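[1] Give me a 3D structure for the following:
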Amino acid sequence: MDRIDTFSSWDAARDLGTLWRSRSRLGRTFAVQPGQSLYSQGSRHDSFYLVESGFIHTTVLRPDGTALLLEIFGPQAIFGEATAFIGTKRYVTAVAVTPATVTEFSATQMTRIFETDAALSVSLIQLLGIKHRILIAKLMSFVSDSPEVRVGGLLGRIALIAQEGRDEPVNIDLTHEQLASMTALSRVTITRVLKSLADQKLLSTHYGVIKVAAPSALIDLVPRI
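    This next block holds a predicted model:
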């Protein structure tokens, strides 16, 4: 069974991102700062993005004016491709939550490149299919991530990336404020969740450093459906 949460699209895209990173020259690579928006809900343009480093999250504005966190994207994730190719208005806002580097691709230009680069076009079709499946699974299960799942899943993934997939203890240098921003939670909630995870022996905190005991154990907090 699959894990379906706010990181699911990142997981799906990351497996396909290596190919796109090798084609970064086809796009424009640039740095973005925390709080900087790549696109806003309701805007229209043909760009989509590959995350080279850092973290981006996407939110949708509810009718009452509050923002709902939909996805978190990290290194090697591809996002924004669906509306870029069909030319509709963006239904989410994409904002950097840490210093990040992204490569921007133009759907118009890539359509021409696909004529001679079949591997890229196939990878994008695969990505769209996977994301569609994730969306349906979310709707069917009415998934609502708990703060523990959101924080634990994020730390587990960061830990695995930091040591290239090795499931070993690792230190993560993130403040409570940064974690709160990345997961759309309050600092108080982050403190409570970290204490809960520490009580479960999944991690420990000391002077602003989070020591993850086993990344896979944190990722296992995400329920399977």
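
[2] Could you use CA atoms for every contact and neighbour count after this?
    Fine.

[3] This protein: helices as residue ranges?
    Secondary structure of the chain (DSSP state H): helices located at 8-21, 81-86, 107-113, 118-141, 147-162, 176-183, 187-199, 215-219.

[4] Export the ones you listed as CSV, with columns for distance to residue 29 and mean neighbour count.
    Formatted as CSV, the helices of the chain follow (distance: least, C-alpha to C-alpha, whole Å; neighbours: other C-alpha atoms under 10 Å):
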stretch, distance to residue 29, mean neighbour count
helix 8-21, 11, 20
helix 81-86, 16, 17
helix 107-113, 15, 14
helix 118-141, 18, 14
helix 147-162, 21, 21
helix 176-183, 22, 18
helix 187-199, 32, 16
helix 215-219, 30, 22
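
[5] To residue 169, which of those lies closest?
    helix 215-219 (7.4 Å; C-alpha to C-alpha).

[6] What is the end-to-end distance of stretch 22-39?
    One end of stretch 22-39 sits 24 Å from the other (C-alpha to C-alpha, to the nearest Å).

[7] Tell me which residues are up against that stretch.
    90, 93-106 (C-alpha atoms under 8 Å, 6 or more residues apart in numbering).

[8] chain center to that stretch, what's the gap?
    Distance of stretch 22-39 from the chain centroid (C-alpha atoms, centre = their mean, to the nearest Å) equals 14 Å.

[9] and if you look at stretch 101-115?
    Relative to the centre of its chain, stretch 101-115 is centred 20 Å away, using C-alpha atoms, centre = their mean.

[10] what about it, how long is it end to end?
    28 Å.

[11] Tell me the bridge partners for the residue most central in space within the chain.
    Among the residues of the chain, the one closest to the centroid is residue 73, at 1.6 Å (C-alpha atoms, centre = their mean). Judged by DSSP bridges, the bridge partners of residue 73 are residue 56.

[12] OK, contacts around it?
    Per C-alpha under 8 Å, 6+ apart, neighbours of residue 73: 7, 9, 10, 51, 55, 56, 57, 79.
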